[in-house]
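Peer 1: Dropping a prediction and its sequence here:
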There are 4 protein chains.
Amino acid sequence: MTSFSFNSDNGAPVCPQVMQALNDCNTGIETAYGADRWTARLNPAYSEFFEREAFVFPVGTGTAGNGLALGAVTPSYGTIFCHRDAHVLTTEGGAPEFYSGGGRMSLLEGAHNKITAKTLKRALHDHGTGNVHHMQVSTVCLTQATEAGVTYSLEELAELSAITHNAGMKLHMDGARFANALVHLDATPAEMSWKAGVDVLTFGTTKNGTMNAEAVVTFDPEIAKVLGFMHKRAGHLSSKMRYMSAQLLSYLERDLWRKNSERANSNARRVAFALSQCSGVEITHPVHINEVFAILPPALSEGLRGSGMRLRPWAVDANGHGHRLVMSYCDDLAQIELLEKACQNYTSSNLGISA
Amino acid sequence: MTSFSFNSDNGAPVCPQVMQALNDCNTGIETAYGADRWTARLNPAYSEFFEREAFVFPVGTGTAGNGLALGAVTPSYGTIFCHRDAHVLTTEGGAPEFYSGGGRMSLLEGAHNKITAKTLKRALHDHGTGNVHHMQVSTVCLTQATEAGVTYSLEELAELSAITHNAGMKLHMDGARFANALVHLDATPAEMSWKAGVDVLTFGTTKNGTMNAEAVVTFDPEIAKVLGFMHKRAGHLSSKMRYMSAQLLSYLERDLWRKNSERANSNARRVAFALSQCSGVEITHPVHINEVFAILPPALSEGLRGSGMRLRPWAVDANGHGHRLVMSYCDDLAQIELLEKACQNYTSSNLGISA
Amino acid sequence: MTSFSFNSDNGAPVCPQVMQALNDCNTGIETAYGADRWTARLNPAYSEFFEREAFVFPVGTGTAGNGLALGAVTPSYGTIFCHRDAHVLTTEGGAPEFYSGGGRMSLLEGAHNKITAKTLKRALHDHGTGNVHHMQVSTVCLTQATEAGVTYSLEELAELSAITHNAGMKLHMDGARFANALVHLDATPAEMSWKAGVDVLTFGTTKNGTMNAEAVVTFDPEIAKVLGFMHKRAGHLSSKMRYMSAQLLSYLERDLWRKNSERANSNARRVAFALSQCSGVEITHPVHINEVFAILPPALSEGLRGSGMRLRPWAVDANGHGHRLVMSYCDDLAQIELLEKACQNYTSSNLGISA
Amino acid sequence: MTSFSFNSDNGAPVCPQVMQALNDCNTGIETAYGADRWTARLNPAYSEFFEREAFVFPVGTGTAGNGLALGAVTPSYGTIFCHRDAHVLTTEGGAPEFYSGGGRMSLLEGAHNKITAKTLKRALHDHGTGNVHHMQVSTVCLTQATEAGVTYSLEELAELSAITHNAGMKLHMDGARFANALVHLDATPAEMSWKAGVDVLTFGTTKNGTMNAEAVVTFDPEIAKVLGFMHKRAGHLSSKMRYMSAQLLSYLERDLWRKNSERANSNARRVAFALSQCSGVEITHPVHINEVFAILPPALSEGLRGSGMRLRPWAVDANGHGHRLVMSYCDDLAQIELLEKACQNYTSSNLGISA
């Protein structure tokens, strides 16, 4: 019996088209540090994608992307508002504090890891501004889609960005799964970024098929200028830049962002449907993208494990029956069928029917 | 006529064996952030290579590697001594200051970009120690081989490290071309690192055939602990780590470090010899590795350009006739022959012989 | 009618003995930066006071003291645990983040602004340690007495410091009102500092009679070494140091720490007693030192204001009837009597008796 | 025989008028952190002095003042140009790097510790701008008067500030002896600050009679905003601010800046004259303010020591015969006469005349 898992989209290999792009550009001498033919096409390609002049800074990790983006818009005495369960807060080793030179994260509550207009307004009211005894409100950081796999609607983004800008702050979007959210909302990249008031975006592609390539994107030349200096200074400017740029280009030009996201999102819906048919299962967050969070009865999780599947516990209830399943562009459909089969077996046995 | 250049080893493509390693590991699901099968072999492989337990932190750039290494051993109030023309000072955007949280670079003179025992001792004497009005001596950073393509001998390293350690400081080696230096000195990796007193090493591989993969290596568990936290915090811990590790493994296991360096060094010697036969040429630094620095008479540089070669000016004399030529593992031998031919033509015409 | 207030002990003038000490030392040439006759006596005097070798660093503000102390024991990737309402968090402009180079404050709950062993243990358990994806537990910061005017008992301190040290962390005490707490607990300085496991202490004296003079005190030579460099680097090493040292000496040598605290604490007890006799008054925190927190019925607060007193609202209840009254060494007893009179009037009128 | 010295103006006591101002304000309750009656007059008084709206931030040391000022105008990736012997570089523990979050000092040569237009232009040309591989030119820091006791003329300031601003940089003036320079140049405060292009000024008063009180002054509201946050964050906002403000007010209002400087400068001229009459003496820097730098023949220095004077060696020649003598507002004229007498004795004995 083969072992399989839906642990993380970070565990997937590089998708064939990206690997092909890497192999294709692996010929001849190119000038280093971004003066190559692929990088020359990077800003134009992303500008076209976003329907506005975009400045792109390739980095190897989402942590680097978030750190740089937040550091470029947050003074050392600035407060960054984010959700209490945001990845940038909980699992990035303090990158925002490092890149901002000592900024502070202020934590907001909200269902499905979403900041709400109400909690943000309340936090701003409580925080105050201009008083030298306090940190200064500076930046709002939201994750699209959130770590709970849920998207902000365009209306929600518009409302949050209005509050952010009215308070003189900048809006950063952690788009580790930006493409998955785009596909779910059926929005244009422009609508979900600058039209929604995003000042600087971490546009992740690694979880959706590339080999450690993320793009920090801004539409503001002043932010771009600062990003350029920080990007080099922190050691994120690749000497053999073509290999970063070729990936980021193929991601757009070969429509991988859409195809891979559609596949992953669709797999997640299929998994969520199968689980939801099982008695005792609670799907704990709406399934917008490629992640399914569910409380599974022990008999079901045993059944799934019996089918060869490794299940990742994820704390959502007191009994520890919470789990996270993440789908990716490259899931083996046979594995999804095994999961569906295990769900059916569980349901049958629950109904007193032998499988 | 084909255009060619010897501008930089950073401009070379990824060597076929490394590309093969990347393609080979591109299959199946792996746990992210270093819990994969390739990364599991990383510390053991480097420990074997260095004949001592080594802790390896893969990063994408030399700037990241140097910044992390220096930051891990330098307090915010620490002084780092380096050569006035060291790359880490002149061309890395202030990474040492960023990663150390405000340390200071103190600049030393020396022929061929080498720090000497004498200048270091003098600097330490002038600097003083323990006085709170001054920065505190903390770290010595040397480049092996230097930016002038010259190596420190093992004896020189031993002397410098003794001075460094006697002053209570740590020794960092920027090994952007570590393998080229190893090959030139015919030393073991152990001899040129921890046996020579190196506390933390930036072991570059990108210039010698990989795709943006450098290794920060330390033999000290305390430094390793700090490096681990900083490495993640600065955004250098890859989620799809296998692609970093697979490269760094292939570099050792397939003996690429040696083969590629031997090829590049040998090409440089050939180029240096051809140039040195031309009247009016001055080779300005000993040719130890894969770099040739030379003052070229205008007639010769014109001749070289006439053969299709792009020449990179590099300031070494008042007349601006200085040039840097960097060879790499993948130089087309036909191009070296073109250069040799151009040199012969220049010599013949100088002697009044028609080419 | 004279206006008066009990707004803050920071509003009091310098006590006469300290002013005398300043005038006394204002004669003759002294060597700058601490090589004067007063500073020579500083470490010895504090060592005697604390019954152990102490290293003293004078600073002008509590924020500087806390920032330096926390920065000296917290790496840039470290987490500092403090109470959610700690002054160092809420009202010091982000000094801990600045001085630690990007550390993070982690907020704990607890009645009367006190961290409890239970909440600290839970926080440590939730935080984890050694995982590079997270900040690293580093420091516990507690305020003695707290911002709610309540002291930790010696037993509580011992328990908290044991947890702190077992987790490999350092214990910092913000002693803005250290002397007031000493007097309340009738403890020795040694008992309330190093014997209780305090690694570094901000020993405030400004609120108790000096002119902007606080002492960062440590008993650990390694911490002292780091403090020395940071103290100068941040601009807290006075050139005319004698004026800092003379104050800090007089504070101990003339027993001002005890006399002034006893007076202020005693005044607070008197005020608390008067208020507590009024119906509808709720004293919201135990009155251990020189602060009284109370919910006052509007009729009473009006009566107090009618007596000439300015009252500082302090949010403790939904109706906004919370107030903070802070006593100091120099309170005019006539004003306390006015307050007592106003309380009596209120009580009489409440009982239907004309005042 | 009384021992005396001209070691440093930092060694002088607080002048009587400042001490009086401190004693005068030591009465009654004042609101803390700058909301007192003295601080209310601070910005107006300095605005009048400088003939333009000025924003004043009191700090306790020159290091704090310089660090804050430089940090407020220098990004973390910025280069600060200063003279190789500037106090801010050599003797302030790395404050500029700390406050800027990792900026870099770039060192310029120049006689009498003065930056020249030529060296600054050359440095800017060599440094380049906009290239992400390098730090970015950001700030020029000059000391008025310099550490060699020499002033920049208004014309020199105008020329340097034009270069500074043309390069998009800010100009900081370390005015540790600002008043002494004003008196020497017979310039107005406006002429020597904003009219000369100074963006932010450290206006020292401690060396000229106050008790650890310096003023960071800017005329730019944007810089002032940043300074306000950093000033608190670094722990330089005094709670009992009245004692800082009362000093800084008395310094202007009682004309102490002028009277004390005139006295100190005049004493220096007298000392310089006496020394210059002695054969073998070389006055190594023009005597503009209250400092005399001189190479003294051993017989003369012995004679001076014989008169009871302690002499501070100051490296200016290979033989170690260099000395620095600093005069202050409070020099005992009897001591100056002793020095003059010793000089006469030396001259007489040199001429073969018995003293």
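Peer 2: Ah, there it is.
Peer 1: With adjacent residues omitted, what lies nearest to residue A:75?
Peer 2: Closest residue to residue A:75 apart from its sequence neighbours, by C-beta to C-beta, 6 or more residues apart in numbering or on different chains: residue A:138 at 6.3 Å. For glycine as for every other residue, the C-beta is placed from the backbone atoms N, C-alpha and C.
Peer 1: and the host helix or strand of residue A:172, anywhere near chain C?
Peer 2: Element membership for residue A:172, per DSSP states H and E: strand A:170-175. No. Strand A:170-175 does not reach chain C (C-beta under 8 Å from any C-beta of the partner chain); its nearest approach is 15.3 Å.
Peer 1: For that strand, output the C-alpha coordinates as CSV.
Peer 2: Output of strand A:170-175 as CSV, limited to C-alpha atoms (Å, rounded to 0.1, in the frame of the first residue of the first chain):
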residue,chain,number,x,y,z
LYS,A,170,0.0,51.2,4.1
LEU,A,171,-1.6,47.9,3.1
HIS,A,172,0.4,44.8,2.6
MET,A,173,-1.0,41.6,1.3
ASP,A,174,0.7,38.3,2.0
GLY,A,175,-0.3,36.4,-1.1
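Peer 1: what is the mean pLDDT for that strand?
Peer 2: Mean pLDDT, strand A:170-175: 98.
Peer 1: Tell me the gap between it and the middle of its chain.
Peer 2: 11 Å (C-alpha atoms, centre = their mean, to the nearest Å).
Peer 1: ok, now stretch A:81-101?
Peer 2: Distance, centroid of stretch A:81-101 to centroid of chain: 14 Å (C-alpha atoms, centre = their mean).
Peer 1: so the longest strand along chain A versus strand A:170-175, what angle?
Peer 2: Selection of the longest strand in chain A by residue count, based on DSSP state E, yields strand A:136-143. For strand A:136-143 against strand A:170-175, the angle by axes from the mean of the first three to the mean of the last three C-alpha atoms, to 10 degrees is 20 degrees.
Peer 1: pull the helix or strand with minimum mean pLDDT from chain A.
Peer 2: Lowest on mean pLDDT, DSSP states H and E among the helices and strands of chain A sits strand A:4-5, with a mean of 82.
Peer 1: For that one, which helices and strands make contact with it?
Peer 2: Helices and strands touching strand A:4-5, by 3 or more C-beta pairs under 8 Å, 6 or more residues apart in numbering or on different chains; DSSP states H and E, are strand A:309-310.
Peer 1: ok, residues contacting the strand it packs on?
Peer 2: A:3-7, A:335, A:338-339, A:342 (C-beta atoms under 8 Å, 6 or more residues apart in numbering or on different chains).
Peer 1: Which pair of those residues spans the longest distance?
Peer 2: A:7 and A:342 (16.9 Å; C-beta to C-beta).
Peer 1: Please say which of those two ends up with more neighbours.
Peer 2: A count of neighbours by other C-beta atoms under 10 Å in any protein chain shown puts residue A:342 above the other of residue A:7 and residue A:342, at 24 against 19.
Peer 1: how about that one, what does it touch?
Peer 2: Counted by C-beta under 8 Å, 6+ apart, residue A:342 has contacts A:300, A:303-304, A:306-307, A:309.
Peer 1: what about the helix or strand residue A:57 falls within and chain B, touching?
Peer 2: Using DSSP H and E, residue A:57 sits within strand A:55-59. Yes. Residues of strand A:55-59 contacting chain B under C-beta under 8 Å from any C-beta: residue A:59.
Peer 1: Just the CA trace of that strand, in CSV.
Peer 2: Taking only C-alpha atoms (Å, rounded to 0.1, in the frame of the first residue of the first chain), the coordinates of strand A:55-59 have been written out as CSV:
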residue,chain,number,x,y,z
PHE,A,55,8.0,46.7,-9.8
VAL,A,56,9.0,43.1,-9.1
PHE,A,57,11.6,41.8,-6.7
PRO,A,58,12.2,38.1,-6.8
VAL,A,59,13.0,36.3,-3.5
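Peer 1: State the paired neighbours of it in the sheet, together with their directions.
Peer 2: With DSSP bridges as the test, strand A:55-59 is paired with strand A:214-218 (antiparallel).
Peer 1: Check what contacts the strand it pairs with and list those residues.
Peer 2: Contacts of strand A:214-218 (C-beta under 8 Å, 6+ apart): A:46, A:50, A:54-62, A:64-65, A:68-69, A:72, A:193, A:199-206, A:224, A:227, A:231, A:248.
Peer 1: From these, keep the buried residues only.
Peer 2: Buried by 16 or more other C-beta atoms under 10 Å in any protein chain shown: A:46, A:50, A:54-62, A:64-65, A:68-69, A:72, A:193, A:199-206, A:224, A:227, A:231, A:248, out of the contacts of strand A:214-218.
Peer 1: Just give the number of residues close to the nearest residue in space to residue A:347 that is not next to it in sequence.
Peer 2: Nearest residue to residue A:347, sequence neighbours excluded (C-beta to C-beta, 6+ apart): residue A:278, at 5.6 Å. Counted with other C-beta under 10 Å, residues neighbouring residue A:278 total 20.
Peer 1: Which strand or helix spans residue A:278?
Peer 2: Using DSSP H and E, residue A:278 falls outside every helix and strand.
Peer 1: Restricted to strands, list the contacts of strand A:214-218.
Peer 2: A:55-59, A:200-204.
Peer 1: Just send those residues back as JSON lines, with pLDDT too.
Peer 2: Formatted as JSON lines, the ones in strands among the contacts of strand A:214-218 follow (pLDDT from 0 to 100):
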{"residue": "A:55", "pLDDT": "98"}
{"residue": "A:56", "pLDDT": "98"}
{"residue": "A:57", "pLDDT": "98"}
{"residue": "A:58", "pLDDT": "98"}
{"residue": "A:59", "pLDDT": "98"}
{"residue": "A:200", "pLDDT": "98"}
{"residue": "A:201", "pLDDT": "98"}
{"residue": "A:202", "pLDDT": "98"}
{"residue": "A:203", "pLDDT": "98"}
{"residue": "A:204", "pLDDT": "98"}
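Peer 1: just those residues now: which is nearest residue B:116?
Peer 2: Using C-beta to C-beta, those come closest to residue B:116 at residue A:59, 38.4 Å.
Peer 1: so who does that closest one touch?
Peer 2: Per C-beta under 8 Å, 6+ apart, neighbours of residue A:59: A:65, A:68, A:214-216, A:231, A:236, B:235.
Peer 1: Need the max-distance pair from these.
Peer 2: It's A:215 and B:235 that sit farthest apart of these, by C-beta to C-beta, at 13.5 Å.
Peer 1: which residues do those two both contact?
Peer 2: Common neighbours of residue A:215 and residue B:235 (C-beta under 8 Å, 6+ apart) are A:59, A:65.
Peer 1: Now do the domain split for chain A, please.
Peer 2: If you go by automatic domain parsing, the domain ranges for chain A are A:4-10+A:258-350, A:15-256.
Peer 1: Please identify the most buried of those domains.
Peer 2: Among these, domain A:15-256 has the highest mean neighbour count (mean count of other C-beta atoms under 10 Å in any protein chain shown), at a mean of 22.
Peer 1: ok, the residue nearest to residue A:314 when sequence neighbours are not counted to chain B distance?
Peer 2: Closest residue to residue A:314 apart from its sequence neighbours, by C-beta to C-beta, 6+ apart: residue A:324 at 3.8 Å. Here residue A:324 is placed at a distance of 13 Å from chain B (C-beta to the nearest C-beta, to the nearest Å).
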